[in-house]
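Asks: Any chance you can model this:
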Amino acid sequence: MERGVPSLLDTLAGFRVPATFFLSFGPDNSGKAVFQLLRNPRFLAKMLRTNAPGLYGFRTALYGTLLPAPMIASALPGLCREIEARGHEVEFHAWDHRAWQDALPRKGAAWIREWFLRGCAAYEGALGHRPRAFGAPAWLLTDEAVEVLREFPFEYLSCTRAAAPFVLEGTGLVEFPSDLPCLEEVGGGSGVPRILSALDAGGVHVLPVHAEAEGGIWRDAFVEILRGASDRGYEIRPLSRLVAECRREGLPGRPFRTVLLPGRAVPCSV
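Replies: Have a look, this model is predicted:
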């Protein structure tokens with residue numbers, strides 16, 4: 001985050017466009033991904049395909065195992081506030097991203113509630129106000145998570161990879177999904193044409209971007225996507241504006257489903 005977010009801010013400033021940043025506030029336990037490498041061959045293949053050592057670096061690969069897990073956004077409150085000061089939105093993504101991603105299906109309401117309480121408190125400590133939205137780590141939800149998140153005063157969600165917005169059953173909240181693929185799902189920088197081709201048909205889209213990727217080794221590819229979107233006449237807006245506009249249209253309500261999408265190592269909610 002310390003290097004990737006400033007890079008993303010500079011790229012966005014070059015195009016004079018706003019964005020919505022979903023930040024992880026708690027410990028960086030990235031090193032515990034090694035246990036996924038042992039359990040899930042698809043995860044190992046993804047790490048090799050996306051040049052994980054180049055993306056994350058050697059030290060990050062040891063956080064939470066051989067090295068202590070450092071705090072992420074809560075250790076950088078000045079940077080959190082700078083994101084907002086430069087015209088972007090900051091929302092709540094995670095307390096412990098790795099724990100949610102690896103253990104959520106086995107966790108009950110008490111563990112999930114504590115995860116939200118710690119994360120939202122860290123968010124408020126850094127930014128001085130409550131988060132308005134939640135974006136689930138790894139786009140992963142469970143029924144228990146949906147039950148708990150409605151206890152928190154979020155105004156909208158961006159927790160799935162569905163094709164279109166909907167009202168998430170059990171919450172009454174608009175779920176505005178990331179419908180475009182990540183660069184890491186389409187082969188990194190070489191996958192830019194696939195993302196741009198998805199824009200050719202028009203419509204409203206959300207592109208998921210990661211600080212360590214599009215703010216790092218795939219920065220040039222991100223610039224290419226922004227330029228391609230501009231050439232196609234797209235206006236880039238923060239998520240809250242998109243949600244406000246779709247509320248006027250009325251949206252269908254439904255529960256989430258879980259599927260394995262192309263390029264992903266583990267199933268996502270849609």
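Asks: Run through who's touching whichever strand or helix holds residue 78.
Replies: When secondary structure is defined using DSSP states H and E, the element that contains residue 78 is helix 77-85. Contacts with helix 77-85, where a contact means CB atoms under 8 Å, 6 or more residues apart in numbering, come from 1-2, 5-6, 9, 21, 23, 73, 90, 125-127. Quick note: C-beta positions are derived from backbone N, CA and C, even for glycine.
Asks: and it, which residues are buried?
Replies: Of the residues in helix 77-85, those buried under the neighbour-count criterion (16 or more other CB atoms under 10 Å) are 79-80, 83.
Asks: what do you get for stretch 242-251?
Replies: For stretch 242-251, the neighbour count (16+ other CB under 10 Å) marks 242-243, 246, 251 as buried.
Asks: Could you do stretch 60-67 as well?
Replies: Neighbour-count burial for stretch 60-67 [16+ other CB under 10 Å]: 60-61, 63-64.
Asks: I'd like the buried residues of helix 77-85 written out as a markdown table, with pLDDT and distance to residue 153 added.
Replies: What follows is those, written out as a markdown table (pLDDT from 0 to 100; distance: CB to CB, whole Å):
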| residue | pLDDT | distance to residue 153 |
| --- | --- | --- |
| 79 | 98 | 25 |
| 80 | 98 | 19 |
| 83 | 98 | 21 |
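Asks: Same list (those) but as TSV, adding distance to residue 162.
Replies: As requested, the buried residues of helix 77-85 are exported to TSV (distance: CB to CB, whole Å):
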residue	distance to residue 162
79	31
80	28
83	26
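Asks: Where do the strands of the protein begin and end?
Replies: Shown for the chain, the strands assigned by DSSP state E span residues 20-24, 89-94, 133-134, 156-157, 166-168, 173-175, 253-254, 258-259, 268-269.
Asks: so what secondary structure elements neighbour the longest one?
Replies: Read that as strand 89-94. Packed against strand 89-94 by the contact rule (3 or more CB pairs under 8 Å, 6 or more residues apart in numbering; DSSP states H and E) you find strand 20-24, helix 77-85, helix 109-127, strand 133-134, helix 239-249.
Asks: could you give the angle of it to helix 109-127?
Replies: Orientation note: strand 89-94 sits at an angle of 150 degrees relative to helix 109-127 (axes from the mean of the first three to the mean of the last three CA atoms, to 10 degrees).
Asks: From the chain's centroid, how far away is strand 89-94?
Replies: Average the C-alpha atoms of strand 89-94, do the same for its chain, and the two points are 9 Å apart (CA atoms, centre = their mean, to the nearest Å).
Asks: The fourth one now?
Replies: Averaged C-alpha coordinates place strand 156-157 at 13 Å from its chain's average position (CA atoms, centre = their mean).
Asks: Please apply the same query to the fifth one.
Replies: Centre-to-centre, strand 166-168 and its host chain are 18 Å apart (CA atoms, centre = their mean).
Asks: Pass me the low-pLDDT residue ranges in the protein, would you?
Replies: When the per-residue scores of the chain are filtered using pLDDT under 70, the ranges that remain are 33-58, 248-249.
Asks: Swap in 90 and give it another go.
Replies: Scanning the chain with the threshold set as pLDDT under 90 gives 29-69, 184, 187, 201, 246-250, 263-266.
Asks: Residue most distant from the centroid, it?
Replies: Using CA atoms, centre = their mean, the residue of the chain lying farthest from its centre is residue 66. It sits 26.2 Å away.
Asks: Now for the residue nearest to it when sequence neighbours are not counted: which residues touch it?
Replies: If the residues on either side of it in the chain are set aside, residue 66 comes closest to residue 31, at 6.9 Å by CB to CB, 6 or more residues apart in numbering. The contact partners of residue 31, by CB under 8 Å, 6+ apart, come to 60-67, 69.
Asks: for residue 73, same thing?
Replies: Counting by CB under 8 Å, 6+ apart, residue 73 touches 1, 23-25, 79-80, 122-123, 126.
Asks: Please tell me how far it sits from residue 146.
Replies: Taking CB to CB, to the nearest Å as the criterion, residue 73 is separated from residue 146 by 24 Å.
Asks: try residue 253
Replies: Note on residue 253: its distance to residue 146, by CB to CB, is 13 Å.
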